[in-house]
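Peer 1: requesting a structural model of the entry that follows:
(one chain, ligands or ions: 1)
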Amino acid sequence: MIELYQFPPAWQVNASPFCLKVETFCRLAGLDYRVRPTPPFRAPRGKLPFIVDRGETVADSRQIVQHLQRQLAQPVGGALSEAQQARGHLLRQLCEDSLYFALLYARWQDQRYWPQTRAAFFATLPPGVRQLLPVMARRGVLAALRGQGLGRCPEAEVYDRAAADLAALAWSLGQQPFAVGEQPTEYDATVYAFLFNLLRVPQDTPIRQQAMMHSVFADYLARMDRALDGL
Ligand SMILES: N[C@@H](CCC(=O)N[C@@H](CS)C(=O)NCC(=O)O)C(=O)O
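Peer 2: Residues are numbered from 1 along each chain as shown. Model (predicted):
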């Protein structure tokens, strides 16, 4: 049984794309896992998710997926061509290293959506912590956004960049049923987790509005839902 350490639900879903990526991978692989809600300061790298698998702790979603793939008799997605691996890598990078920061910007920096984010992530905490923790956590996220660069951009530019990412992702997903072919692969764990967070979290940001304009995304999520339910 794999212990999956991740954030408690927000908006009644797994609202962390990296945590949802690992959970999605476990479901695709048919692995037994137990969710352990935990704060990030308990994580080996200060970020979630991490897993404990038969006493071994593995941090970072990519390391976790590699670790789990190695344990499987048949890796998720089977053997992939060089072209599929290259395409998958590019899609994963687009989600994790570009779209992710736009999502962070919308949730944490954009004043219009921060009150919803604060309520979704912190409202159930005990008084005191409930006032202090959002302020500290937000300070950390805004510093990360400034460091990455997006936090310094004018708002319109942030959302234009996200729209360009989404257009490229939509074009790519329009070419075949899953990220790199006819069957789900480990790359779909990432793509699904990010599109789920953009489309199914009830926070109507400009990124979500842009994402809704690509019908290919809803079709993709529905296909993945069926694959995850083993249909
Ligand atoms: N490279 C890491 C990124 C994980 C990550 O950024 N996790 C975020 C949540 S989606 C986190 O734990 N943030 C808390 C913090 O930075 O304090 C991975 O792939 O697991």
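
Peer 1: mind checking the pLDDT average for the helix or strand hosting residue 100?
Peer 2: Using DSSP states H and E, residue 100 maps to helix 100-104. Across helix 100-104, the average pLDDT comes to 98.

Peer 1: same check on stretch 21-33?
Peer 2: For stretch 21-33, the mean pLDDT works out to 98.

Peer 1: try stretch 45-58
Peer 2: 97.

Peer 1: just checking, next helix/strand downstream of the helix holding residue 100?
Peer 2: Immediately after helix 100-104, counting by DSSP H and E, sits helix 114-122.

Peer 1: that following helix near the ligand at all?
Peer 2: No. Helix 114-122 is not in contact with the ligand by Cβ under 6 Å from any ligand atom; minimum separation 10.6 Å. For every residue, glycine as well, the C-beta is placed using N, CA and C.

Peer 1: got the buried residues for stretch 190-202?
Peer 2: Within stretch 190-202, the residues scored as buried using 16 or more other Cβ atoms under 10 Å are 190, 191, 192, 193, 194, 195, 196, 197, 198, 199, 201.

Peer 1: ok, back up a step: is the ligand within reach of the helix holding residue 100?
Peer 2: No. Applying Cβ under 6 Å from any ligand atom, one finds helix 100-104 separated from the ligand by no less than 7.3 Å.

Peer 1: who touches that helix?
Peer 2: Applying Cβ atoms under 8 Å, 6 or more residues apart in numbering, the external contacts of helix 100-104 come out as 17, 141, 144-145, 148, 150, 158-159, 161-162, 165, 194, 197-198, 207.

Peer 1: same check, this time on stretch 111-130
Peer 2: For stretch 111-130, the surrounding residues in contact (Cβ under 8 Å, 6+ apart) are 7-8, 10-11, 15, 106-108, 133-134, 137-138, 203, 205.

Peer 1: ends of that stretch, how far apart?
Peer 2: End-to-end span of stretch 111-130 (Cα to Cα, to the nearest Å): 19 Å.

Peer 1: tell me how this protein divides into domains.
Peer 2: 2-71, 82-228 (automatic domain parsing).
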